[in-house]
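**Q** Dropping a prediction and its sequence here:
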Amino acid sequence: MTIMPVMATGGDNPIPLNMKIKQTNPESELTPLPKAPILIPAVYLDGHTLSFDAAIEDCEVRLLDEDENVIFSDFIAISQTSLILPATLSGTYELQIIRGNFIFYCAIEL
């Protein structure tokens, strides 16, 4: 399945990202599916800056290249509302936000 990337704007007009969701290990019996709906975090891209709402706290952020190699990784602290990606990155990447047994992901263009 091909995911069309969201282009970075580079201005003061953040673009909302359409995050999808998958399990890190869907076969695992250790972490059952929650009974309530999973809250998908609101994530925005503006140039090389990601901004997000409070639902993203205590998560890992990763960028993967087309070969699924991790190019960038960082952790989001509880009070953190944005993350600046390295300015040296350019191209299409899969953005992953990992929280517990779930990965929120989408393609972005930097």
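**A** Perfect, I can see it now.

**Q** Only C-alpha atoms from now on, for both contacts and neighbour counts.
**A** OK.

**Q** Name all residues that make contact with the closest residue in space to residue 44 that isn't next to it in sequence.
**A** Spatial nearest neighbour of residue 44, excluding adjacent residues (Cα to Cα, 6 or more residues apart in numbering): residue 16 at 4.3 Å. By Cα atoms under 8 Å, 6 or more residues apart in numbering, the residues touching residue 16 are 42-45.

**Q** Now a PyMOL select for only the buried ones of the residues you listed.
**A** Restricted to buried positions by 16 or more other Cα atoms under 10 Å, the PyMOL selection for the contacts of residue 16 reads:
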select buried, resi 43+44+45
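
**Q** Tell me where the model's unsure across the chain.
**A** 1-12, 26-34, 54-55 (pLDDT under 70).

**Q** For it, which segments are assigned as strands?
**A** For the chain, applying DSSP state E gives strands covering 6-7, 15-16, 20-23, 43-46, 49-52, 59-64, 70-76, 82-84, 92-99, 102-109.

**Q** in stretch 95-104, what's buried?
**A** 95-99, 102-104.

**Q** so residue 49 makes contact with residue 82?
**A** Yes - if you go by Cα atoms under 8 Å, residue 49 and residue 82 touch, sitting 6.8 Å apart.

**Q** who touches residue 13 in this structure?
**A** residue 46.

**Q** any idea how far residue 22 is from it?
**A** 28 Å (Cα to Cα, to the nearest Å).

**Q** for residue 14, same thing?
**A** 25 Å.

**Q** More neighbours: which of the two?
**A** residue 14 (17 against 12; other Cα atoms under 10 Å).

**Q** That one and residue 44 touch, don't they?
**A** Yes - in terms of Cα under 8 Å, residue 14 counts as a neighbour of residue 44; the distance is 5.6 Å.

**Q** and the closest residue to residue 75 other than its chain neighbours, how many neighbours?
**A** Excluding the flanking residues, the one nearest residue 75 by Cα to Cα, 6+ apart is residue 60, at 4.4 Å. Residue 60: 17 surrounding residues under other Cα under 10 Å.
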